[in-house]
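Enquirer: Sharing a model that was predicted from the sequence below.
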Amino acid sequence: RCNMTFEELNGDYSIERMDSVIKALEEVLRSALPQGCITVGVYEAAKSLNVDPDNVVLCILATDDDDVKDVALQIHFTLIQAFCCENDINILRVNNTRRLAHILGGAGMHGSEQMDLHCILVTVPHASTWKNPALGKVNHFCRESRCMDQWVPIINLPER
């Protein structure tokens, strides 16, 4: 159900509101990481979605400016988005993989190798009692965006 103001219906999210969603997203990632509720990487995410999509509560697709020209990555994104829409999994596009790596506490590095932060899944185990108000805020933002026919909302993560 969509209960939104006229400005929200027109897609005019205030700067304060977007900052609030960005902070909530950061909190979700920071709190899910130590619980092992984060899956990182396009291929790892696809495997996880195939095995147990009911555990996935959020899918984050991240790009940098150079990634727009990567046709293979865009095809992967299209397939993951379609799967998430089919399985009622909230999706966000984020424009800054470096910032995501920082939020995840340097999780962008695996030894000396750069990890694939283009797709991040947040999962909640079936038996979990994990309640996260920040996740509720992010999911609410995704639902409102869908009401405006913006199926994959974009969040611009600022450098900090």
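Expert: Cool, got the structure.
Enquirer: Helix or strand for L49, just tell me which one.
Expert: Using DSSP states H and E, L49 maps to helix 42-51.
Enquirer: ugh, wrong one, I meant L29
Expert: helix 15-32.
Enquirer: May I see the buried residues of that helix?
Expert: The neighbour-count criterion (16 or more other CB atoms under 10 Å) identifies V21, I22, A24, L25, E26, E27, V28, L29, A32 as the buried residues of helix 15-32. (Glycine included, C-beta is placed from N, CA and C.)
Enquirer: do stretch 86-95 as well
Expert: I89, N90, I91, L92, R93, V94, N95.
Enquirer: Excluding chain neighbours, give the residue nearest to the second one in space.
Expert: The one in question is N90. Take N90 and drop its neighbours on the chain: the residue closest to it by CB to CB, 6 or more residues apart in numbering is C142, 3.8 Å away.
Enquirer: Where do the strands of the chain begin and end?
Expert: 38-40, 56-62, 90-94, 109-110, 113-114, 119-123, 154-155 (DSSP state E).
Enquirer: In the sheet, which strands lie alongside the first one, parallel or antiparallel?
Expert: Paired with strand 38-40 in the same sheet, following DSSP bridges, are strand 119-123 (antiparallel).
Enquirer: pLDDT at A82, what is it?
Expert: pLDDT recorded at A82 is 94.
Enquirer: I meant to write L73 there.
Expert: For L73, pLDDT reads 92.
Enquirer: Just list the residues touching the nearest residue to it once chain neighbours are set aside, thanks.
Expert: Nearest residue to L73 in three dimensions, chain neighbours excluded: D67, at 5.7 Å (CB to CB, 6+ apart). Listed by CB atoms under 8 Å, 6 or more residues apart in numbering, the contact set of D67 reads L73, T97, H118.
Enquirer: And R93, by the same measure?
Expert: I60, L61, A62, T63, V152, P153, I154, I155.
Enquirer: Any of those residues buried? List them.
Expert: Here, 16+ other CB under 10 Å leaves I60, L61, A62, T63, V152, P153, I155 buried among the contacts of R93.
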